[in-house]
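[1] Pasted the sequence and its predicted model underneath.
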Amino acid sequence: MKKSSSADNCVLPLSNNGFSEKLYLGESQVTRARSRAPPAAVLFDMDGLLLDTERIAREASRVTAHAFGCVISDALALRMIGLGSDELGRIFIAELGADFPFAEYQQMWNATYREMLAAGIPVRPGVIEALTALRAHGLSAAVATSTHTPHARHKLAQAGILAHFDVVVGRDAVIRGKPAPDIYLHAADRLGVNAAHCWAFEDSLPGLTAAVASGARTHWVPDLAHIHGHEMPAGVETIESLHSICHWLGVE
């Protein structure tokens, strides 16, 4: 973990995040676009990074929790971002008690979430431009997500971007989910490259922790997750959107 200093503090305005109008970045300042040597490959998280789905997921959580007679606090909702269902189950039991029927909750949440997604899945700013730039430079790309692989592929296809990825690795493909590095290591291995020679992009603390532990050059693109400076893993660079990839590759 890195300690923040007042000289390094930075605030990035965010809109429509439902929690705060500004996000503290601490020592992990916004990285200014500049050209750099290309990586062996690029590894992406999915929800909240490529797909603008975290707000939909939060609403599905609110609706489902109401049906079970409970309330998902903002703090709990933020802790849920970036985690797989097994990690979520442990959090729910710790917060709501051992008798909370998490399996039934998760089943209803899945149905509610998919119904909401049927209206369409928007992509986040800079995604299309970044993926197009990677393809133009012949760079491989993978998705490393806490969503199970078949569902991830379906969502990416629904958003119209599945064809941009050589590999999609979901939570079901590895023994340990984020914040363990397994998903990123497996995605890099599937691409035939060393994770340490890759760029990785994330929007959540569990994902950033996983990517850093894999050895990848890791970037935070803020969405809903509020990450304080003292929580940020060492070495993470913060960018405002994936459009920075275009600048680094010399594509405007």
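    That came in fine, so what should we check first?
[2] drop to CA atoms for contacts and neighbour counts, all remaining ones
    Noted.
[3] Just the strands from the stretch 101-250 of the chain, written as ranges.
    In the stretch 101-250 of the chain, the strands defined using DSSP state E, counting those that start in this stretch lie at 140-144, 167-169, 198-202, 217-220, 237-238.
[4] among those strands, which is nearest C246?
    strand 198-202 (13.3 Å; CA to CA).
[5] The closest one pairs with which strands, and in what direction?
    Sheet pairing for strand 198-202, assigned by DSSP bridges, gives strand 41-44 (parallel), strand 217-220 (parallel).
[6] Make CSV from those strands and add mean pLDDT to it.
    Formatted as CSV, the strands paired with strand 198-202 follow (pLDDT from 0 to 100):
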stretch, mean pLDDT
strand 41-44, 98
strand 217-220, 97
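[7] can you put those in TSV and add mean neighbour count and distance to L185?
    Shown next, in TSV, are the strands paired with strand 198-202 (neighbours: other CA atoms under 10 Å; distance: least, CA to CA, whole Å):
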stretch	mean neighbour count	distance to L185
strand 41-44	26	10
strand 217-220	25	13
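[8] export the ones you listed to CSV and tack on distance to L50?
    CSV is the format used below for the strands paired with strand 198-202 (distance: least, CA to CA, whole Å):
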stretch, distance to L50
strand 41-44, 8
strand 217-220, 12
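[9] out of those, which comes closest to M108?
    M108 lies closest to strand 41-44 among those, at 27.7 Å (CA to CA).
[10] that older thread, could I get the strands of the stretch 101-250 of the chain as CSV with distance to A65?
    As requested, those are exported to CSV (distance: least, CA to CA, whole Å):
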stretch, distance to A65
strand 140-144, 28
strand 167-169, 29
strand 198-202, 27
strand 217-220, 29
strand 237-238, 33
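[11] Tell me which of those lies nearest to E95.
    strand 198-202 (25.7 Å).
[12] How about A77, nearest residue that isn't a chain neighbour?
    R58 (6.8 Å; CA to CA, 6 or more residues apart in numbering).
[13] Kindly export the helix or strand the one you found falls within (C-alpha atoms) in CSV.
    Assigned by DSSP states H and E, R58 falls within helix 54-67. Provided in CSV are the C-alpha atoms of helix 54-67 (Å, rounded to 0.1, in the frame of the first residue of the first chain):
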residue,chain,number,x,y,z
GLU,A,54,-22.5,-1.0,-12.5
ARG,A,55,-25.4,1.4,-12.1
ILE,A,56,-27.7,-1.3,-13.5
ALA,A,57,-26.3,-3.8,-11.2
ARG,A,58,-26.8,-1.5,-8.2
GLU,A,59,-30.5,-1.0,-9.2
ALA,A,60,-30.9,-4.7,-9.5
SER,A,61,-29.5,-5.1,-6.0
ARG,A,62,-31.9,-2.5,-4.6
VAL,A,63,-34.9,-4.2,-6.2
THR,A,64,-33.9,-7.7,-5.2
ALA,A,65,-33.0,-6.7,-1.6
HIS,A,66,-36.4,-5.0,-1.3
ALA,A,67,-38.1,-8.3,-2.3
